[in-house]
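*Asks:* With the sequence up front, the predicted model follows.
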Amino acid sequence: MLKILDQRGNKLPPPHKERTIVLADKGQNMELNLELGQRVKELREALNLSRKDLAELLDISDYFLVEIELGRRGVSNVTLCKLADA
């Protein structure tokens with residue numbers, strides 16, 4: 001399960017449309033990317049969306065979505081907001 005922490009290490013509530021997520025501490029980027037990728041894949045599958053469908057909703061390439069799901073790439077704030085709205 002993805003845990004999102006503020007700069008002080010306090011757990012933030014689960015993300016949804018009305019909340020802003022603040023990610024800090026660059027040293028944890030790799031771990032965050034892996035956890036975010038797993039969560040994106042879980043939610044995509046729970047919503048019964050193909051990678052192609054979700055990529056279109058996010059206005060990103062299928063390849064980039066695969067990279068996110070595998071934790072190889074991080075996401076920009078813009079893409080993170082699109083994920084929250086999807």
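*Replies:* All right, it came through fine.
*Asks:* which SS class is L32?
*Replies:* Look at L32: counting by DSSP: H, G, I helix; E, B strand; the rest coil, its state is helix.
*Asks:* and it, how far is that from A46?
*Replies:* To A46, L32 is 21 Å away according to CB to CB, to the nearest Å. (Glycine included, C-beta is placed from N, CA and C.)
*Asks:* which of those two has more neighbours?
*Replies:* Set L32 next to A46 and count neighbours by other CB atoms under 10 Å: L32 wins out with 19 against 8.
*Asks:* Touching, that one and V75? I think so.
*Replies:* No - applying CB atoms under 8 Å, one finds L32 not in contact with V75, separated by 9.9 Å.
*Asks:* Please identify the helix or strand for the closest residue to D59 other than its chain neighbours.
*Replies:* Closest residue to D59 apart from its sequence neighbours, by CB to CB, 6 or more residues apart in numbering: K82 at 7.0 Å. Here K82, judged by DSSP states H and E, is contained in helix 77-85.
*Asks:* do R73 as well
*Replies:* Per DSSP H and E, there is no helix or strand for R73.
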